[in-house]
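Participant: Sequence and predicted model, in that order:
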Amino acid sequence: RREKKMRARSKGQAMAMRGPIRTDASATGQKPGRNQPGPEKASRPVADSASSNMQDRLLRLEELFHVVSRSQQGYRELIDSMDDVMFSASLDGEIRAVNQRFAELAELPFSDLVGRNLESIIEEPTREMADRALPRFVERRFWQGILRIRMRKTSGVRYFDCTLRGVVKDGKVVGVSGLA
């Protein structure tokens, strides 16, 4: 309701700023034609109509932006509330997304993780081990099992019951998402 009131108010203000407009044939010195209104059918000029349409589109885009922002915030809260480690990475190991539990495990600030390479955080399994398993993973787009992880910062070994799924774009596996 509030957004509709704001939209109506902004339209009213825009109309008040423009003032009265004459678009009939007598104002332009032209005879009324097929696509031109006569004196009895005055309408707003095309430029004002386009401006109004642009304002409407901008308001709709702003509304959509707020809806998407609220949705993203809710999704982020859901993911961060989980006790499981969640992540997404490209096939070359660049971290694309993680949850708060991953940051705790890595003992790094959450904001420092996206864009880093997994090799800078995980000592084991090594990149060579991952490369050996990659062709089979890409073919199946899925892997599940117990994964032994050694973090670079802590050097302690941890075991995770892990599920990995392929991130697919245009029919091709471009990354991996994991839940552990």
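Facilitator: Right, received. Where do you want to start?
Participant: what's the lengthiest helix in the chain packed up against?
Facilitator: Scanning the chain for the helix with the most residues, using DSSP state H, yields helix 46-80. Judged by 3 or more CB pairs under 8 Å, 6 or more residues apart in numbering; DSSP states H and E, helix 46-80 is in contact with helix 2-18. For glycine as for every other residue, the C-beta is placed from the backbone atoms N, C-alpha and C.
Participant: now residue 149, what's its secondary structure?
Facilitator: strand (DSSP: H, G, I helix; E, B strand; the rest coil).
Participant: neighbours of it, just the number please.
Facilitator: 18 (other CB atoms under 10 Å).
Participant: quick one: which helix or strand includes the closest residue to it other than its chain neighbours?
Facilitator: Of all residues not flanking residue 149 in the chain, residue 158 sits nearest, at 5.2 Å (CB to CB, 6 or more residues apart in numbering). Residue 158 is located in strand 157-169, with elements delineated by DSSP states H and E.
Participant: ok, that strand: who's next to it in the sheet?
Facilitator: strand 142-151 (antiparallel), strand 172-179 (antiparallel) (DSSP bridges).
Participant: Out of those strands, which one sits most buried?
Facilitator: Ranked by mean neighbour count, those are led by strand 172-179 with a mean of 16 (mean count of other CB atoms under 10 Å).
Participant: ok so, going back, can you give the distance of the longest helix of the chain from its chain's centre?
Facilitator: 13 Å (CA atoms, centre = their mean, to the nearest Å).
Participant: cool, stretch 133-141 as well?
Facilitator: For stretch 133-141 - counting by CA atoms, centre = their mean - the centre lies 28 Å from the chain centre.
Participant: Just the CA trace of that stretch, in PDB.
Facilitator: Output in PDB follows, covering the C-alpha atoms of stretch 133-141 (Å, rounded to 0.1, in the frame of the first residue of the first chain):
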ATOM      1  CA  ALA A 133      39.100 -37.700  -9.000                       C
ATOM      2  CA  LEU A 134      37.900 -34.800 -11.200                       C
ATOM      3  CA  PRO A 135      37.100 -36.700 -14.500                       C
ATOM      4  CA  ARG A 136      34.800 -39.200 -12.700                       C
ATOM      5  CA  PHE A 137      33.100 -36.400 -10.700                       C
ATOM      6  CA  VAL A 138      32.500 -34.400 -13.900                       C
ATOM      7  CA  GLU A 139      31.000 -37.500 -15.600                       C
ATOM      8  CA  ARG A 140      28.700 -38.300 -12.700                       C
ATOM      9  CA  ARG A 141      28.200 -34.800 -11.300                       C
END
